[in-house]
Each structure stands twice: as structure tokens, then as C-alpha cells.
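Asks: Using only what follows, build the 3D model:
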Amino acid sequence: MEVFRLSSAKYANDLSGTGAKIHGGRWNRKGDAVLYTAGTRALALVEVLVHTTNAFLPLNYRLITIYIPDDSILTIPTKSLPDDWNNTEPSDSTTKISTSWLSTTEYLTMRVPSVVVEGEYNFLINPAHPDFSKIKVLRNEAFNFDNRLMKQK
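Replies: Numbering: from 1, shown residues only. This is a model prediction of the structure:
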């Protein structure tokens, strides 16, 4: 299966999950390396835009298409998540889910619902998993944000 990562060019070749390890995120606590990807190009775009704090579009970005094996994906159904899973500010309840997933080597990837786009999914990849070498970068291409995304009226 193909998943997508939209990243600044500086980090486009870094699949180590170091950014998430340093900063933490909705699905991982600080100190846990996780590579965040999206199930579609459009979701990857929206996930970047939701973290853009001013009216300027990011520059010098790359869209990375990554192959992940279909046979090592843990799916977390939305209905099984705690009530606060989609709060604007991430809660400990979601990081507990990933901590449990990361502590085993059963699944390379965890499929989780997107908070930003209902019905879409993000795919978290464990860089420390023994099968991490099975993921492959299929494409790494320049990505330009359409200026209309931040158009002021």
C-alpha cells in the first residue's frame, strides 16, 4: 500500500521519526520515534496546513510516497477510541495507545483516524520495528502549495 508524507525538503529523506520523538504528537509521547504519514496526498496537505500558524504557505516542500507492507498494519477503529481522542489539544489517552503499539513488534504500522478530516486515516510507522527495512520510498518529488489555499478576501 502507498502512504504519503509531506515534509520540508530539509527533512524529506529522514524517515527516522526523530521530529515526532523530539516534539511528541497526538499519537506519540516525547521520546518515542514515530514516522507520521497519511493515507492520501490531500490528507498529507491538510495535516501540514493545520499546523501552519500564519498566512504564509510553506516553501521548499517535498511529497514522499512510501510503500508499506499490507500485512503489518494495526487498525484502531474510531469507535474504540476514548472520548477525548480528537480534542484540539492531544491527550494522554492517544499516546497510551501508541506506547502500547510501540512496545511490541507485532505491527510495523498503526492506522489511526485523522482528527482533521473525518473518514480519512493517518498511518504511523515504527522506525524501530524489525521489518522497517521493508518500507520503500517510491517517489520524492517537489511539492508546491497552491496560493489560493491562504488567499485573503
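Asks: Show me the contact partners of stretch 3-17.
Replies: By CB atoms under 8 Å, 6 or more residues apart in numbering, the surrounding residues in contact with stretch 3-17 are 19, 33-41, 43-45, 47-48, 58, 60-66, 68, 123, 125-127, 135, 137, 140, 143. Any C-beta I mention is one placed from the backbone N, CA and C, and that applies to glycine too.
Asks: Please indicate which of those residues are buried?
Replies: The neighbour count (16 or more other CB atoms under 10 Å) marks 19, 33-39, 43-45, 47-48, 61-66, 68, 123, 125-127, 135, 140, 143 as buried among the contacts of stretch 3-17.
Asks: Tell me which entries of these lie within helices.
Replies: Those of these mapping onto helices are 19, 43-45, 47-48, per DSSP state H.
Asks: Tell me the one of those residues nearest residue 111?
Replies: Nearest to residue 111 among these is residue 43, at 12.2 Å by CB to CB.
Asks: starting at the chain centroid, how far to stretch 97-108?
Replies: Put simply, stretch 97-108 sits 16 Å off its chain's centre (CA atoms, centre = their mean, to the nearest Å).
Asks: Which positions within it qualify as buried?
Replies: 97-98, 101-102, 107-108.
Asks: will you turn those residues into CSV that also has secondary structure and pLDDT?
Replies: As requested, the buried residues of stretch 97-108 are exported to CSV (DSSP: H, G, I helix; E, B strand; the rest coil; pLDDT from 0 to 100):
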residue, secondary structure, pLDDT
97, helix, 92
98, helix, 91
101, helix, 95
102, helix, 94
107, coil, 97
108, coil, 98
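Asks: would you turn those residues into a markdown table with distance to residue 4?
Replies: As requested, the buried residues of stretch 97-108 are exported to a markdown table (distance: CB to CB, whole Å):
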| residue | distance to residue 4 |
| --- | --- |
| 97 | 22 |
| 98 | 20 |
| 101 | 21 |
| 102 | 22 |
| 107 | 20 |
| 108 | 17 |
